[in-house]
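Engineer: fold the following, please.
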Amino acid sequence: MTTDAQTDRDGQRQARLAIATCGAIAREIMADPGELRVIAAFDHACYLACPRGIVCIGGEDIAKGPINVSVAMTRPWATLGVAVDDIGLSHGASLVIEDRLTLDATSGATWQPLSPPPFTPAIVRQGLTALQARAAPKVPGDGLACLAFAKTSPHAENRTARAAQGQVRDLIEALSDETPSQARRDKLTHAAILLIGLGPGFRPSGDSFLAGVFLALTVAGQDRLRDALWLALEPELAFLTNPPSAMHLSAAADGMSEEPVHHLVNAILSGQGDAIGWHFDAAVQCGDTSGWETLAGLSLALRALAAQV
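Structural biologist: Next comes the predicted model:
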C-alpha cells in the first residue's frame, strides 16, 4: 500500500510506496547503491536502469516476473509523472526518483518461479498437442507465432515471420540434432544472433522467441547448451537490441520468465490438458506481443527436444 505522501517545493505530491511483489533478479539489482535513470516510461510502468541492471516498476497489475517490481497504489501509475531521463539514487534500502517517487526497496514478497516437473518426453509431446489445439485458432496475423502454431505457411503479408523463418528453421534443426558437436552449436548460435532485435515491439519478436528457447532448454535439463548459447549471444545484445529487452533475455537465460508463462510450462510438463488452456490465455497477455512470441519459441524448442527420445 502507499505508505505516505509528502509535498515537494513545487507543490507536487511525492509518492512514498512499498513493494507488493519483487522479482528475485530485481531484488538483487536494487540492493546496490548508485545512480538511477528512467530509460522507458509507459502509462502502467517504467524501466529503471540501476548500477547492476534494469528493473521494471509498475502497479499491481503488471505480471510477476524476474525483473518486475509491483507497488501497491491507490491511483494510476501514470499520475506519478515518471518520465524518460528522470534521474534518481539508490541507497540500497530505498530508491528515490527525482522528487516524485520514493520506493522502499526492502519491502514486499520476493517472487521466483516454482521448480518445474521432470522433463518426460512423452508427456511433453501430449502437452504440446493440447497447446497447439488451444493456440491454432487464435494465432495473431503478425509476429512469429504462426511459425509454431499455424496449420498453413505464414501469410505473405507477415513480414516478420517471412524474415525469421529461415533462422527459426536452422535453430530448431540444431536443437533436434542429438550430436553434441561444435558444428551444432555454431549453427544454433548463428541462427539465434540473426533473430536478436528482429521484428516490431518494445521487446522485439526475435528476442521474445529466443526467451522461449532458453526456457525450453532449462526445463529439458540442457543447461550446458543454454549457457553456451547465452555466452555467445550476450556480447551482441548491446548492438542488436534495446537494453530492457536484453535484460528480459538475460533473465530467460537464467530460466526465468513471467509467472503465467511458468504456470503454462509446468502444465505442459505435467500433461495437464485443462490447465494448459487456462494458463495459455494468461501467458499470451504478457506484453503486447511478447507472450505469443515467447510461447512460439518455447513450443518449437520443446517439440525438438522432446523428439530426441
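
Engineer: residue 125 and residue 306 touch, don't they?
Structural biologist: Yes - contact status for residue 125 versus residue 306: in contact at 5.2 Å, counting by CB atoms under 8 Å. Where you see a C-beta, it was placed from the backbone N, CA and C, and this is true even at glycine.

Engineer: who's more crowded, those two?
Structural biologist: For residue 125 versus residue 306, neighbours defined as other CB atoms under 10 Å are more numerous around residue 306 (21 against 16).

Engineer: can you give me the distance of the nearest residue to residue 116 once chain neighbours are set aside to residue 243?
Structural biologist: Of all residues not flanking residue 116 in the chain, residue 219 sits nearest, at 4.6 Å (CB to CB, 6 or more residues apart in numbering). Distance from residue 219 to residue 243, counting by CB to CB, to the nearest Å: 27 Å.

Engineer: and these two? Which one has more around it.
Structural biologist: The residue with more neighbours, out of residue 219 and residue 243, is residue 219; 23 against 14, by other CB under 10 Å.

Engineer: list the contacts of that one.
Structural biologist: Contact analysis of residue 219 by CB atoms under 8 Å, 6 or more residues apart in numbering lists 116, 119, 255, 265, 269, 302.

Engineer: tell me how many other residues surround the nearest residue to the last one once chain neighbours are set aside.
Structural biologist: It stands for residue 302. Computed as CB to CB, 6+ apart, the closest residue to residue 302 that is not its neighbour in sequence is residue 216, at 4.7 Å. Around residue 216 there are 26 other residues, counting by other CB under 10 Å.

Engineer: secondary structure element holding residue 216?
Structural biologist: Element membership for residue 216 (DSSP states H and E) is helix 205-219.

Engineer: what comes into contact with whichever helix or strand comes after that helix?
Structural biologist: Going down the chain from helix 205-219, the next helix or strand is helix 223-233, by DSSP H and E. Contact partners of helix 223-233, identified using CB under 8 Å, 6+ apart, comprise 185, 188-189, 192-193, 196, 210, 214, 217-218, 249-250, 253, 255.

Engineer: CA atoms only: put the helix or strand following helix 223-233 into CSV for me.
Structural biologist: Moving toward the C-terminus from helix 223-233, the next helix or strand (DSSP H and E) is helix 237-240. Backbone C-alpha positions of helix 237-240 (Å, rounded to 0.1, in the frame of the first residue of the first chain) are rendered in CSV as follows:
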residue,chain,number,x,y,z
LEU,A,237,23.0,-7.6,-27.4
ALA,A,238,24.2,-4.1,-27.0
PHE,A,239,24.5,-3.7,-30.8
LEU,A,240,21.3,-5.6,-31.8
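
Engineer: all further residue positions should be reported with the first residue as 41.
Structural biologist: I'll keep to 41 as the first residue from here, and by that count the last item is helix 277-280.

Engineer: relative to residue 168, how far out is residue 345?
Structural biologist: Per CB to CB, residue 345 is found 11 Å from residue 168.

Engineer: neighbour count winner among the two?
Structural biologist: Remark: of residue 345 and residue 168, residue 345 carries more neighbours, 24 against 20, as counted by other CB under 10 Å.
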